[in-house]
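[1] Structure, please.
(4 chains, ligands or ions: 4)
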Amino acid sequence: MVNPQHKAIRSVEMKKIVKHFPGVLAVDEVDFDVQAGEVHALLGENGAGKSTLMKILYGLYSANAGETLINGHPVSIKSPRTAIELGIGMIHQHFMLVPSLTVAENVAMGLRSSRGLLLDIDIVSERVRKLSEIYNLNVDPAVPIWHLSVGEQQRVEILRALYKEASLLILDEPTAVLTPQEVDDLFKILRRMKEDGHSLIFISHKLKEVLAISDRITVLRDGRKVDTIPAETATRASLAQMMVGREVVLRYEYEPVEIEESRLALTGVHANSDRGYAGLIDINLTVHSGEIVGVAGVSGNGQQELAQVIAGLRPTSQGNIYLDGKKIDSCSANQRSLMGLSYIPEERMIEGVIKDFTVAENVVLHGFDQFPFAWKGFFLNLGAIKKTTRQHIIDYEIKTPSTETPVKSLSGGNIQKLVLARELSREPHVLIAAQPTRGVDIGATEYIHRRLLQARKVGVAILLISEDLDEILALSDRIVVIYEGKIVGEVSREEANINEIGLMMAGASQPE
Amino acid sequence: HAEPVEAQDTFRVAVVMPSATNDLAFSQSMYDALVTIQEEMGEDNFEFVFQEGTFVVDDAAIALREWALEGYDLIIAHGSQYGAVLEEIAPDFPDVSFAWGTDSDTFGLDNVFAYEAASDQGGFVNGFLAANLSESGVIGVVGPVEAGDAKLYVDGFVQGVAYVDEELEVNVNYIGSFSDVALATEAAEAHIANDADILTGSAQMVVGAVGVAIEEEGDVLWFGTQANQTELAPEIVVASQVYHWEVILTDMIELIQDGTLGGETYSINLENEGLVIEFNEDFELDEELLAEVDALIEEIIAGDVQTLPEEDMDDGEDDEEMDDEEDTDGADDSDDGEDDDGEDEESS
Amino acid sequence: MLDEIFRTTVLASAIRLATPYIFASMGETFSQRSGVLNLGVEGIMLLGAFASYYTVLETGSLVLGLLAAIGTGLLMGLVTAFVSVTLKAEQGISGIGIYLFGLGLSEMLFKRLVGTPTHVKGFPKVDIPVLTDLPVLGEVLFNHNIMIYLAFLTVPLSACILNRTTLGLQIRAVGQTPEAADAMGISVARVRYFTVTLGGVMSSLAGASLSIALVNFFQGNLTAGQGFIAVALVYFGAWRPYWVMAGAMLFSTVNALQLQIKTIESALSFDIPDEFAVMAPYVVTILTLIIASQRVEQPTALTKPFERGE
Amino acid sequence: MLDEIFRTTVLASAIRLATPYIFASMGETFSQRSGVLNLGVEGIMLLGAFASYYTVLETGSLVLGLLAAIGTGLLMGLVTAFVSVTLKAEQGISGIGIYLFGLGLSEMLFKRLVGTPTHVKGFPKVDIPVLTDLPVLGEVLFNHNIMIYLAFLTVPLSACILNRTTLGLQIRAVGQTPEAADAMGISVARVRYFTVTLGGVMSSLAGASLSIALVNFFQGNLTAGQGFIAVALVYFGAWRPYWVMAGAMLFSTVNALQLQIKTIESALSFDIPDEFAVMAPYVVTILTLIIASQRVEQPTALTKPFERGE
Ligand SMILES: Nc1ncnc2c1ncn2[C@@H]1O[C@H](COP(=O)(O)OP(=O)(O)OP(=O)(O)O)[C@@H](O)[C@H]1O
Ligand SMILES: Nc1ncnc2c1ncn2[C@@H]1O[C@H](COP(=O)(O)OP(=O)(O)OP(=O)(O)O)[C@@H](O)[C@H]1O
Ligand SMILES: [Mg+2]
Ligand SMILES: [Mg+2]
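    Residues are numbered from 1 along each chain as shown, chains lettered A, B, ... in the order given. Ligands and ions are numbered 1, 2, ... in the order given. Here you go, the predicted model:
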């Protein structure tokens, strides 16, 4: 059985840490510390250096300068193995799980077995089950990872850290992909761990969460530490200002727009979900020109199915869909997009972009066979493609070294801007925006919001699907709430009440 | 009037061989011989079965044992690689006769015949003819691996050319495979690019080389060995050295029927007409030259002409710089007795 | 002198030897770039080789022979596509199935319909007016038959299609992230049907290049593993047409050199020391390793059937 | 009667033919499961075949021959691992480099040190006391030499290692998601060094099984493509040892059947109609396609060198 040699971590101090990447000074003389029984949050825009700093602590990167002390003694952490042995656990921004292996196997991997060479999966499973009960994690050790939802996968990550008796746990953007309910559950676990004397480092772009969970907050900007402050003295506005270096507006002026003709209409739409059961039930929905309709709901209640049905990536089993009054049920995704439908998918790395393609190639993923990108529909016009890409890069403030950089080396926020640029530049009649700001820092979020509002102003009909209720409330003209595949309520902007909507999202009945 | 089938009177032969029966080479020569005997003796008196493409020696072993149990009268292991297993199996069936080739070793067993081919003799004759017919003075040879009867043939051929004119250039190319037709083709292309106007070669992959010669439309001639290759290329084949195993097989059959099951070593050669130079009838040859060939064959039979290079005769001019080492290992007198035709035939 | 022989004979020879590899591996490049690993190349080559050979033998028409090869390739390509795209079979398995099928069927048909190897008149050398008369280059590059020119022509063509056309963009997208391609309205199935069928035709032409242009004969297992090597060459060239061609040429040059070493020796009138033979493989290895250290764009969805998660 | 021949002769023959494939493809399974595509199998097979052959030829000791093969495999495996793990070379390219190297070196050494193919006395059949005497099974399954038993023994062993040991878990994790394995403190490089070296040893043993147990001699290019087919069989079996073995057996049975069709005919005392020969490949194809429709666990990081993003 695991028997970690490490003593409990009482304190970790990182001093004057420096990390260069080719052409980037990612971390510049940063001091950072965390104590037992404390949650220390790390804040900063995309690319501020948070992940890099934490990867240094976890032994994935080696620092160019600076030192790390544990319980006052200098340590040298050269690989994750050392970190694990010292009692450090990390939940990565991108989960470090092997999809085809079971929960227990993922936990057991890298551990010593009590049976020498042979696996002791039964023993590991048993202990996982116990831990899962203690922390109320509700994870079945025998299920393969790819069966699990993102939230469940994250619980596996936490379980794994607990299993290894990590006394310091680093969580890099753990909430980016969680539903509000899952965030609450996570926080319960984290508080419990804190009480047990664990040290926690928490990274998030969501200020509300940071304020809710942390004891101290450190803000990084461009690789440098801005300050470390106690959470009690911080407000959302002050944090946003520290991060971005200017004031950030998260409330937008609302200008009513003349609602014109219906652009998108769904009547009595039913569709199946991936696992075969009913994903959408009797959806009736209309979006007009110049209107943003927000779809609120806890993730997994049919949002993805809704977006896919409209985009033409999932067949309906009943009902009709109209685009500009024309029935499009039998049109392919391509035909729909030619008719003026744009789609910003939720899974941007899978459905939105091709990771190994360059920025320019991704910009023309839609309409690559149309003028001016193609000549006779067959030969690519590389010059025109480059020109358009440059324009997008300027217009949408996309941070990229060149038009020929593969998108996989851009940050998530910049990839999202690229998708937005591509979809909006086609001057669509209807835009489906699914989780457009997930994992994006506040600066970029604000930018994306402004762009959406601008599109609304010129008459685009926008369906905004988001789990972030603040986002929905800030942008939508109308809000519908989706629960278990059904639309369970609709409210206008004026009558929107966050509590009522929250209740509907949780499945409580519609307000009378 | 149905004739009664009398099993006792039917002579039954089984043979295992390394490549296909239509390879126009080593395996086909045995197959043709058996067909010939069957024609002579009649289907009622002579039957045979075969297993072709047997690359793995243990497979041959299984077949040999199976046939021995089933009471075949003569079981032939056509390929020197089967020697080791035969040595193991034959003693278990003292009443069954086995034959093994090409080699000269009967393992001291009196139920094993050994047989070999003095293919250097026909090679020498082909070389003699080639030297006389070549106008460019360059001759190309395409071989599989430098071993067995292919090596004997090539060595004899080179000697035959030198017998006519030491100055002629013979380029020998062993491509290292019995099955790679594309490479054999390319080897022939290389010879022709180097001005060769006569080509020859041994083993089944030479069809490619023959094709290249055909494309030259009469400017390049071909000499065959093992089987009669005239049908491959009627315009350009001058002659083929053909193996007639039936000559010695008939002897063996007689001995077996008389109760002698082995102990003898046979060799097909020009003398016993197991090796025959078969000319292409459509190819016009000078009467004088033909007469010279006849005389040469007589001289070879009489032993007046050396068809293989002597160990110390080797000079840097030709291509057998390895002969010195090879000839010392295990080979008795002029034949080195190893034969590995079609070894890599059944690899897939 | 040596120089000359090397350039004219060895290179011309390498060009011929490379021809079937180039056809087959260009086709496989398309197929793999779109995410389909076709291990059945060898089987299709054999069928194409037989079909064209038999047609030429019976009709004497090379054009018909070529058409027969194209038809066979089309058919086999469609079958392969059906199995790997529509049935979503595990690609390694279905490829071996196609290989065994081609191996067995071509040999059986040959035995039944032809019997013994019979020579056919293959494509003749084509002189290209001015080019063939160029001093050295003429002999090396422009003294071949049309199938050889065709093979080498497919290389820039493939590169151009893959990198500069909308079709190429679709192929690469489908091979990288089929989900994204699908979401963009590209039909993953259609693109893969196209590339796999094209791969079939090219494999079949590779076979025909042996049986009616280079060897001008057929026999069972004529290709002797060349199809598998062609697949390996696609990895070697890391899915880039010019690199794949370079690999095929490297491979063929080594073979050609070995064929002609005697000729070269006699031209030099001294024996090339064995040390040369000893070193050749090392040199090739080191060369390939230098190339190998380059990083490349991979079709990440290779071997993965696409399903829209329904 | 037919039944019997089929069982005893054809199956026993298939078992022998499958032996080198099983050695090589089990090794390759390990290597691929950990994310390394080793296309150099064929080259290592040739070197192993030569090393063991030459040792037996010189010393007469089969044990020394086996050790020579293991040593050669170890060395070549380490070289391959160095190239693909440490140098992070593109795996397709470096594999072909290793292949060419093995092909050239083994042929050259053979020519220099041996010259003509000379037979060696290979492993004799081993009777297993009770088992060999079993009626039919005895002859089919327990009448072979030790290398054959060894080959088939590696199958359950490989399955057990991959599925039931900590090492196997590490291998699978490294092949699927090396980042995750790395983050859990598993050394990706160490695991891959292990599997690739093991693959080298197994390839080398595959070669030795030809040269000192089945064929009992050596010649240039003895393996004639078997290494490439072994790699294909790993895809066929979708990285699962028993399935890979099934593929090797299927493949060998088809070959054995073709070898023995005349014997079977004579046993039946009538000719098997050609229709049988026509149908065999179809049957095999359909069979494989049925198998192919299964979904499998893929080493998704296959062919991708791992770098910790620094
Ligand atoms: N592996 C790498 N190679 C090169 N540069 C890198 C690498 N990882 C990070 N960087 C650079 O280091 C800087 C800090 O990146 P880091 O990932 O730490 O940001 P972050 O604060 O975690 O951002 P986010 O909020 O987007 O996660 C960035 O400018 C980035 O360009
Ligand atoms: N392997 C890498 N090579 C080069 N640059 C890298 C690499 N990994 C990360 N980066 C850089 O690090 C920065 C931050 O990357 P990271 O993936 O942490 O962003 P992110 O957290 O996904 O962004 P967002 O918060 O917008 O989702 C990016 O600008 C990216 O360019
Ligand atoms: Mg980060
Ligand atoms: Mg981020």
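[2] List phi and psi for residue A:32.
    With angles defined as degrees, to the nearest 10, residue A:32 sits at phi -150, psi 140.
[3] check contacts around it.
    A:13, A:14, A:17, A:40, A:42, A:53, A:218, A:225, A:228 (CB atoms under 8 Å, 6 or more residues apart in numbering or on different chains). Where you see a C-beta, it was placed from the backbone N, CA and C, and this is true even at glycine.
[4] ok, of those residues, which come out buried?
    Neighbour counting with 16 or more other CB atoms under 10 Å in any protein chain shown marks A:13, A:14, A:17, A:40, A:42, A:53, A:218, A:225 as buried within the contacts of residue A:32.
[5] Which members of these occur in strands, if any?
    Among the buried ones among the contacts of residue A:32, the members falling in strands (DSSP state E) are A:13, A:14, A:17, A:40, A:42, A:218, A:225.
[6] which of these lies closest to chain B?
    Nearest to chain B among those: residue A:17, at 60.0 Å, using CB to the nearest CB.
[7] Quickly list what the closest one is bridged to.
    Legend: beta-bridge partners of residue A:17 under DSSP bridges are residue A:30.
[8] cool, and residue A:374?
    Beta bridges link residue A:374 to residue A:380 when assigned by DSSP bridges.
[9] What distance do you get for it to residue A:367?
    9 Å (CB to CB, to the nearest Å).
[10] cool, residue C:143 as well?
    With distances taken as CB to CB, residue C:143 is found 47 Å from residue A:367.
[11] Over to residue C:68?
    Distance from residue C:68 to residue A:367, by CB to CB: 41 Å.
[12] cool, residue C:52 as well?
    Using CB to CB, we find residue C:52 at a distance of 42 Å from residue A:367.
[13] Tell me which of those two has more neighbours.
    Set side by side, residue C:52 and residue A:367 show more neighbours around residue C:52, with 33 against 19, by other CB atoms under 10 Å in any protein chain shown.
[14] OK, contacts around that one?
    Residue C:52 neighbours (CB under 8 Å, 6+ apart): C:65, C:66, C:68, C:69, C:72, C:204, C:207, C:208, C:211, C:212.
[15] which among those end up buried?
    Applying 16+ other CB under 10 Å to the contacts of residue C:52 flags C:65, C:66, C:68, C:69, C:72, C:204, C:207, C:208, C:211, C:212 as buried.
[16] Next up, the contacts around the first one.
    Residues near residue C:65 by CB under 8 Å, 6+ apart: C:51, C:52, C:53, C:55, C:56, C:59, C:208, C:212.
[17] Which residue is the nearest non-sequential neighbour of the fourth one?
    Distances taken as CB to CB, 6 or more residues apart in numbering or on different chains place residue C:68 nearest to residue C:55, at 4.0 Å, with adjacent residues excluded.
[18] which SSE is that neighbour in?
    Element membership for residue C:68 (DSSP states H and E) is helix C:62-81.
[19] Going by neighbour count, which residues in that helix are buried?
    Buried residues in helix C:62-81, counted by 16+ other CB under 10 Å: C:62, C:65-66, C:68-73, C:75-77, C:79-81.
[20] ok, now stretch B:244-257?
    B:244, B:245, B:246, B:247, B:248, B:249, B:250, B:251, B:252, B:253, B:255, B:256.
[21] For the third one, which non-adjacent residue is spatially closest?
    It stands for residue B:246. Nearest residue to residue B:246, sequence neighbours excluded (CB to CB, 6+ apart): residue B:33, at 4.2 Å.
[22] now, which of the buried ones among the contacts of residue C:52 sits nearest residue B:304?
    residue C:211 (46.6 Å; CB to CB).
[23] wait, isn't the closest one in contact with residue C:53?
    Yes: contact criterion CB atoms under 8 Å: residue C:211 and residue C:53 qualify, at 3.9 Å.
[24] any common contacting residues for these two?
    Residues touching both residue C:211 and residue C:53 by CB under 8 Å, 6+ apart: C:120, C:217, C:218.
[25] with these in mind, which one is nearest to residue B:204?
    residue C:217 (10.9 Å).
[26] mind listing what the residue in the stretch 51-200 of chain A that ligand 3 sits nearest to touches?
    Relative to ligand 3, the nearest point of the stretch 51-200 of chain A is residue A:51 (2.9 Å; CB to the ion). The contact partners of residue A:51, by CB under 8 Å, 6+ apart, come to A:93, A:172, A:203.
[27] Next, format these as TSV and append pLDDT, neighbour count and secondary structure.
    Shown next, in TSV, are the contacts of residue A:51 (pLDDT from 0 to 100; neighbours: other CB atoms under 10 Å in any protein chain shown; DSSP: H, G, I helix; E, B strand; the rest coil):
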residue	pLDDT	neighbour count	secondary structure
A:93	75	19	coil
A:172	90	20	strand
A:203	93	23	strand
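[28] List, out of the residues you listed, those positioned next to ligand 2.
    Among the contacts of residue A:51, the residues within reach of ligand 2 (CB under 6 Å from any ligand atom) are residue A:93.
[29] my read: residue A:186 touches residue A:152, true?
    No: assessed by CB under 8 Å, residue A:186 is found out of contact with residue A:152, at 11.7 Å.
[30] which of these two has more neighbours?
    Shown here are residue A:186 and residue A:152; by other CB under 10 Å, residue A:186 has more neighbours (21 against 17).
[31] Does the more buried one lie in a helix or a strand, and which?
    Under the criterion of DSSP H and E, residue A:186 resides in helix A:180-195.
[32] all helices of chain B, in order?
    Assigned by DSSP state H, the helices in chain B fall at B:26-41, B:57-69, B:83-89, B:119-133, B:148-164, B:181-193, B:207-215, B:246-257, B:287-302, B:323-328.
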